[in-house]
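**Q** predicted model, plus sequence, below.
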Amino acid sequence: MSELTRSRAAEILASFAGKPVLVVGDLMLDRFVWGDVSRISPEAPVPVVHVRRETAALGGAGNVAANLAALGASVSIAGILGGDDTGKRIAALFRECGVDASGVVTDAGRPSISKTRIVAHSQQVVRVDREDDGAVSAATAEALRTGARAKLGGAAALVISDYDKGAIGPALLGGLLADARRAGIPVVVDPKISHFSLYQPATILTPNQSEASRATGIAIRSDDGLERAGRAILDMLDTQAVLITRGEKGMSLFERDRPTRSIAAEAREVFDVTGAGDTVVACLTLALAAGAQAIEAAALANIAAGRAVSRLGTATVTPQEIQDELVRRSGSHS
């Protein structure tokens, strides 16, 4: 935990409360069907799941918003929903967690996105996706762009949560990122390859290792490949930093004119990685909005992610849980 002390972490976490953050991106519903398997179907070689319960949570950019809200932020979100029951459920979940969804545009001709995971004995059996990831209509795109730029005025930070499902495009990014630069607020981008060149100006990008490799064309099989890929992204884009998330290997932070710093993942049992990247983005963003240095923000985000993956399903993390984890780590290292 050399990246920050417990007292410094506590100072940053205390500043989370009420920070206004705008999230812009693809909205979706994460459905979970929980059950047991005791036999194989006689109709085909597939397990028969005896359903015990069903739950739903915000997914995609909505999960980033939910994580920010759990961390104490005052969250606004802009995205697109269909005029269907899934869209209504997503809107209700925003209300339940206190997220301002007045920037969400409803497109009655476009289905809301859902991902249904069937889970038996703590393991995913199958995932069923319902989505239309084609281009949105010109009217919907303009309404989203106008609404997002209006919401940016009161924000202390901006998150672009791109799942390449239609909400994020060149026109929206061009205006919004320039506005954020003029306002002097940090911009955190969770990127997708198809839009990579558009994420500028930005404060920090958070690609995973696969995305970093594909964006640069550099195979990441060693520390040297990782270093070259991280530095290549800094050269490609107008961004201050790149945080490459590496799963069980932790994360590596690349900043201009500074040496690369890597943060090891804490060894613990991993139950589910669903939405862990959203937890990283949320904590990283709030820490930057609270005045943390990039390495401090990344260290806190790493701790939050460790908490998130230790639970089944889409999870959120609170500042108190991060504090508790810091206490646990300092105790184990004493």
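**A** Everything's here; your move. Numbering: from 1, shown residues only.

**Q** contacts, neighbours, all on C-alpha from now
**A** Will do.

**Q** okay, residue 320: pLDDT?
**A** At residue 320, the model reports a pLDDT of 89.

**Q** show me which positions of whichever strand or helix holds it end up buried.
**A** Element membership for residue 320 (DSSP states H and E) is helix 319-332. By neighbour count on 16 or more other C-alpha atoms under 10 Å, the buried set for helix 319-332 is 319, 322, 323, 325, 326.

**Q** residue 37 against residue 47, yeah?
**A** Yes - here residue 37 reaches residue 47: they are 6.3 Å apart, a contact under C-alpha atoms under 8 Å.

**Q** between the buried residues of helix 319-332, which is nearest residue 304?
**A** The closest of the buried residues of helix 319-332 to residue 304 turns out to be residue 322 (C-alpha to C-alpha; 6.1 Å).

**Q** look up how far residue 70 lies from the closest one.
**A** Going from residue 322 to residue 70 by C-alpha to C-alpha, to the nearest Å gives 12 Å.

**Q** quick check on the residue most central in space within the chain: phi, psi?
**A** The centroid of the chain falls nearest to residue 278 when counting by C-alpha atoms, centre = their mean (2.1 Å). Dihedral pair for residue 278: phi -70, psi -40, per degrees, to the nearest 10.

**Q** now do the contacts for it.
**A** Applying C-alpha atoms under 8 Å, 6 or more residues apart in numbering to residue 278 gives the contacts 60, 61, 63, 64, 67.

**Q** show me these that map onto strands.
**A** With strands defined by DSSP state E, the entries of the contacts of residue 278 inside them are residue 60.

**Q** can you map out the strands along the stretch 1-150 of the chain?
**A** With DSSP state E, counting those that start in this stretch as the criterion, the stretch 1-150 of the chain has strands at 20-25, 27-40, 47-60, 74-78, 80-81, 105-106, 113-120, 123-130.

**Q** ok, which of these comes nearest residue 172?
**A** Closest approach to residue 172 among the strands of the stretch 1-150 of the chain is made by strand 20-25 (9.7 Å; C-alpha to C-alpha).

**Q** got the CA positions of stretch 140-148 in CSV?
**A** Taking Å, rounded to 0.1, in the frame of the first residue of the first chain, the C-alpha atoms of stretch 140-148 are listed here in CSV:
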residue,chain,number,x,y,z
THR,A,140,-32.1,10.7,-30.5
ALA,A,141,-28.4,11.5,-30.9
GLU,A,142,-29.0,15.2,-30.9
ALA,A,143,-31.2,15.0,-27.8
LEU,A,144,-28.6,13.0,-25.9
ARG,A,145,-25.8,15.4,-27.0
THR,A,146,-27.8,18.5,-25.9
GLY,A,147,-28.8,17.0,-22.6
ALA,A,148,-25.4,15.7,-21.7
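
**Q** in that stretch, what counts as buried?
**A** Neighbour count says stretch 140-148 has 140, 141, 143, 144, 145, 147, 148 buried, by 16+ other C-alpha under 10 Å.

**Q** and the second one, how far is that from residue 198?
**A** Right, residue 141. Counting by C-alpha to C-alpha - residue 141 and residue 198 are separated by 16 Å.

**Q** do residue 159 as well
**A** From residue 159 across to residue 198, the span is 14 Å (C-alpha to C-alpha).

**Q** among those two, which residue is more densely surrounded?
**A** Using other C-alpha atoms under 10 Å as the criterion, residue 159 and residue 198 rank with residue 159 on top: 25 against 19.

**Q** which strand residues bridge the more buried one?
**A** For residue 159, the beta-bridge partners under DSSP bridges are residue 23, residue 188.

**Q** which residues does it contact?
**A** Listed by C-alpha under 8 Å, 6+ apart, the contact set of residue 159 reads 21, 22, 23, 24, 187, 188, 189, 190, 281, 285.

**Q** redo these as CSV? Include neighbour count and pLDDT.
**A** Converted to CSV, the contacts of residue 159 look like this (neighbours: other C-alpha atoms under 10 Å; pLDDT from 0 to 100):
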residue, neighbour count, pLDDT
21, 28, 98
22, 28, 98
23, 28, 98
24, 34, 98
187, 28, 98
188, 27, 98
189, 25, 98
190, 22, 96
281, 31, 95
285, 29, 97
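
**Q** farthest pair in those?
**A** Farthest-apart pair in the contacts of residue 159 is 21 and 190; separation 14.9 Å (C-alpha to C-alpha).

**Q** tally of neighbours for residue 181?
**A** The burial count for residue 181: 15, using other C-alpha under 10 Å.

**Q** cool, and the one 5 residues further on?
**A** For residue 186, the count of nearby residues is 24 (other C-alpha under 10 Å).

**Q** the one 5 residues further on now?
**A** Around residue 191 there are 22 other residues, counting by other C-alpha under 10 Å.

**Q** my guess is it contacts residue 205. True?
**A** Yes - using C-alpha under 8 Å, residue 191 is in contact with residue 205, at 6.9 Å.

**Q** all set, thanks.
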